[in-house]
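Visitor: Below is the sequence, then the predicted model.
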Amino acid sequence: MFIFDSHTHCQYSSDAVSDLEGMCRFAIENGIDGFAVTDHCDGNWHDRPFETKRRESVAKEVRAMQEKYRGRLKITLGIELAQQDFNPDVTNHLVQEFESQNGDFLIGSMHRAGMYRDFSVIDFDLIDFNTLFEMYYHQMLTTAKLNHLDVLAHMTYPLRYAPKDVLDNLDMRTIDDIADEIFKVLIQNGKGIELNISGLRQAYGDTFPKQNYIKRFKELGGEIITIGSDSHVNTEVAKFFDRGVEIVKAAGFDYYCYFEQRKPVFVPFDK
Ligand SMILES: [Zn+2]
Ligand SMILES: [Zn+2]
């Protein structure tokens, strides 16, 4: 089966230690057919002075690697445009910039709730997690409605960083209605969701979101599903992709998707 990882970060994401050339070599050596480079761009820090240059550098390097590995590896230009609700004008601007670069794949995501810090660095002792988690879902709904994305990524991102006691006491039913609403908006707009498999190699031990949400998305009529490792290190590219495939299959899909030129490509599981 064609293996395409739709969520990776290279050296242009400040939190990644990968390098694009090394990722390409790792992919080829490990039978991975392709990946999307989806470096970070959070709507709330778009105007850091180095950001525009950085995005230009990613695009340039992706083009160079496409040329170098043509016929051996499919590399697409993506972006992870997070916090889109922070300032819709800024988001519009960033989307237009990405379009002018002829980008292939736009991931929409959320890393924080309101003005709180990114869940990766938040102090869980100082917050009421359930309140923030609900807030996070309401903002995801806003993001879905803005309709500047191909897929909505890692819908349960805050759980990646939540300590065990928080996870043990979490009642997911509090967000189920709003998750349904998000799915309906995405489906109506012909958009998809991501099965983020990073949690399989992390302490969390499961996907973001878990399989039951992929199944629910399908039940409501969802058709577009991508699989992403969210790799930040060369050797994480497509890590546990096979398990991701199993989860998507068990949720009722007989294919998964990746994007080229902002259009979904369907990869059947029997190939
Ligand atoms: Zn993310
Ligand atoms: Zn990411």
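Guide: Yep, that arrived. Residues are numbered from 1 along each chain as shown. Ligands and ions are numbered 1, 2, ... in the order given.
Visitor: alpha carbons only for contacts and neighbour counts from here, please
Guide: Will do.
Visitor: hey, where'd the helices end up in the stretch 1-150 of the chain?
Guide: For the stretch 1-150 of the chain, the helices defined by DSSP state H, counting those that start in this stretch cover 20-29, 51-68, 88-100, 129-146.
Visitor: Need these in TSV (columns: mean pLDDT and mean neighbour count).
Guide: Below are the helices of the stretch 1-150 of the chain laid out as TSV (pLDDT from 0 to 100; neighbours: other C-alpha atoms under 10 Å):
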stretch	mean pLDDT	mean neighbour count
helix 20-29	97	18
helix 51-68	93	15
helix 88-100	92	16
helix 129-146	97	19
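Visitor: Longest strand of the chain, counting residues only.
Guide: strand 74-82 (DSSP state E).
Visitor: Just want the most central residue of the protein.
Guide: In the chain, the residue lying closest to the centroid (C-alpha atoms, centre = their mean) is Ala153, at 3.6 Å.
Visitor: what sits up against stretch 125-140?
Guide: Contacts to stretch 125-140, defined as C-alpha atoms under 8 Å, 6 or more residues apart in numbering, come from residues 85, 109-110, 112-114, 158, 166, 170, 174-175, 178-179, 182.
Visitor: and Phe253, what does it touch?
Guide: Applying C-alpha under 8 Å, 6+ apart, we find Phe253 in contact with Lys218.
Visitor: what's the answer for Asp15, then?
Guide: Neighbours of Asp15 in contact, by C-alpha under 8 Å, 6+ apart: His232.
Visitor: sorry, back to before: for the helices of the stretch 1-150 of the chain, could you give me TSV that also reports distance to Phe119?
Guide: Formatted as TSV, those follow (distance: least, C-alpha to C-alpha, whole Å):
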stretch	distance to Phe119
helix 20-29	26
helix 51-68	22
helix 88-100	21
helix 129-146	10
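Visitor: so where's this protein uncertain?
Guide: 45-50, 271 (pLDDT under 70).
Visitor: still on that earlier bit, residues in contact with the longest strand of the chain: which ones?
Guide: With C-alpha under 8 Å, 6+ apart as the test, strand 74-82 has contacts from 33-43, 59, 62, 65-66, 98, 103-111, 260.
Visitor: Around Met1, how many other residues sit close by?
Guide: Applying other C-alpha atoms under 10 Å, we find 11 residues neighbouring Met1.
Visitor: in the stretch 151-271 of the chain, which spans are strands?
Guide: 151-152, 192-196, 225-228, 255-260, 263-268 (DSSP state E, counting those that start in this stretch).
Visitor: want to try TSV for those, with distance to Ser120 and mean neighbour count as columns?
Guide: Formatted as TSV, those follow (distance: least, C-alpha to C-alpha, whole Å; neighbours: other C-alpha atoms under 10 Å):
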stretch	distance to Ser120	mean neighbour count
strand 151-152	18	28
strand 192-196	16	27
strand 225-228	18	27
strand 255-260	27	22
strand 263-268	30	15
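Visitor: Next, find the distance separating the spatially closest residue to Val166 that is not a sequence neighbour from Leu170.
Guide: Spatial nearest neighbour of Val166, chain neighbours left out: Phe129 (7.4 Å); criterion: C-alpha to C-alpha, 6 or more residues apart in numbering. From Phe129 over to Leu170 the distance is 9 Å, taken as C-alpha to C-alpha, to the nearest Å.
Visitor: if we can go back for a sec, if I pick the residue nearest to the centre of the chain, what's in contact with it?
Guide: Per C-alpha under 8 Å, 6+ apart, neighbours of Ala153: Ile107, Gly108, Ser109, Met110, Ile193, Glu194, Leu195, Asn196.
Visitor: so what's the nearest residue to the first one once chain neighbours are set aside bridging to?
Guide: Nearest in space to Ile107, with sequence neighbours left out and distances taken as C-alpha to C-alpha, 6+ apart, is Glu80 at 4.7 Å. Glu80 has these beta-bridge partners by DSSP bridges: His40, Ile107.
Visitor: Could you tell me how far Glu80 is located from Phe2?
Guide: Counting by C-alpha to C-alpha - Glu80 and Phe2 are separated by 23 Å.
Visitor: Ok, Ala64 next?
Guide: 23 Å.
Visitor: One more: Gln202?
Guide: When Gln202 is compared with Phe2 (using C-alpha to C-alpha), they lie 25 Å apart.
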